[in-house]
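Asks: predicted structure and sequence below. I'll ask about it afterward.
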Amino acid sequence: MEAPRLVASDVDGTLLGLGPLVSERTAAAVARVRESGTPFVLVTGRPPRWVPDVARSAGHDGLAVCANGAVLYDVGADRVLWQRCLEPVQLSDLADAADSALPGSALAAERVGATAFDDDVRQFVAENSYQHPWAGSDQVDVSRAEVLGHPAVKLLVEHGEMTSGQMAEALEAVLGDAFAVTFSTDSGMVEISAAGVTKATGLADVAQRYGVRADDVVAFGDMPNDVPMLRWAGHGVAMSGGHPEALAAADEVTAPSTEDGVALVLERWF
């Protein structure tokens, strides 16, 4: 591939190593991308409020595709440009499907306001029995009716006795293609978005804004929620040690995030 005209990267397990911030080498590579005039975009399962610290450590103040493609966030302006929501009736249908396919599961919902830290919106609400797979969760425990009662950019389903892959398979058998089911950890949690919403659709919107074709995009990722993006981009790069589905979807496998695998590839061109 010639030098890409747009660079897109997942965050956790890809741009980030073991710590919460981008390494010096990777940040330097991102800086050279931006200095060349090439757009750089974060494409993550994270909601906007979990993006600014990472973006600052990468020297990035541009666009971020968040919530697996359901939100486009302008980091520098601290503004949500658009969001693709699940409506309450859809959330209720999904809860019924989860109860049927995954008895004993618990639910949480991600909501987004006009900015990353919009005080007018309860952004992450969960049933009391919901156990988030990541430390430092900022969930607010509420009733199931409250979880399902307002539009959300994604519904999260957790089960303490299943892997995420097993959960996704069971839900997809019930839901078909009526919703987008994926996961970014194999710790017993899946994420559900509106039909057709993926990291690829969010990234495609960004590429269109910059007038860049898919063939001229390089994208980095490591988990099943990255697969649509890795397939869509002209050159998809998976991280060594990533999920088998991501490795199979990629055109290339680079070093793991703990060894600056993103920088290793970008340094060819920048």
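Replies: Arrived safely.
Asks: quick one: low-confidence ranges for this structure?
Replies: 135-136 (pLDDT under 70).
Asks: most residues in a single helix of it, which one?
Replies: helix 88-101 (DSSP state H).
Asks: for it, which helices and strands make contact with it?
Replies: For helix 88-101, the elements it packs on are strand 106-110, helix 144-148, strand 154-158, helix 164-175, judged by 3 or more C-beta pairs under 8 Å, 6 or more residues apart in numbering; DSSP states H and E. C-betas here are computed from N, CA, C, even on glycine.
Asks: could I get these as CSV with distance to Ser184?
Replies: Shown next, in CSV, are the helices and strands packed on helix 88-101 (distance: least, C-beta to C-beta, whole Å):
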stretch, distance to Ser184
strand 106-110, 12
helix 144-148, 20
strand 154-158, 10
helix 164-175, 8
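Asks: so which of these gets nearest Ser129?
Replies: Closest approach to Ser129 among the helices and strands packed on helix 88-101 is made by strand 106-110 (4.3 Å; C-beta to C-beta).
Asks: can you list contacts of that closest one?
Replies: 47, 67, 91, 95, 98, 123-127, 129-132, 139, 144, 147-148, 150, 152-159 (C-beta atoms under 8 Å, 6 or more residues apart in numbering).
Asks: change it to 6 Å
Replies: Contact with strand 106-110 is made by 47, 67, 124-127, 129-130, 147, 152-158, as judged by C-beta atoms under 6 Å, 6 or more residues apart in numbering.
Asks: what's the answer for stretch 230-246, then?
Replies: If you take C-beta under 6 Å, 6+ apart as the criterion, stretch 230-246 is touched by 1, 14, 200, 214-224, 226-227, 247, 249-257, 261, 265.
Asks: ChimeraX command for the buried members of the residues you listed?
Replies: Only the buried entries of the contacts of stretch 230-246 go into this ChimeraX selection, using 16 or more other C-beta atoms under 10 Å:
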select :14,200,214,216,217,218,219,220,221,222,223,224,226,227,247,249,250,254,256,257,261,265
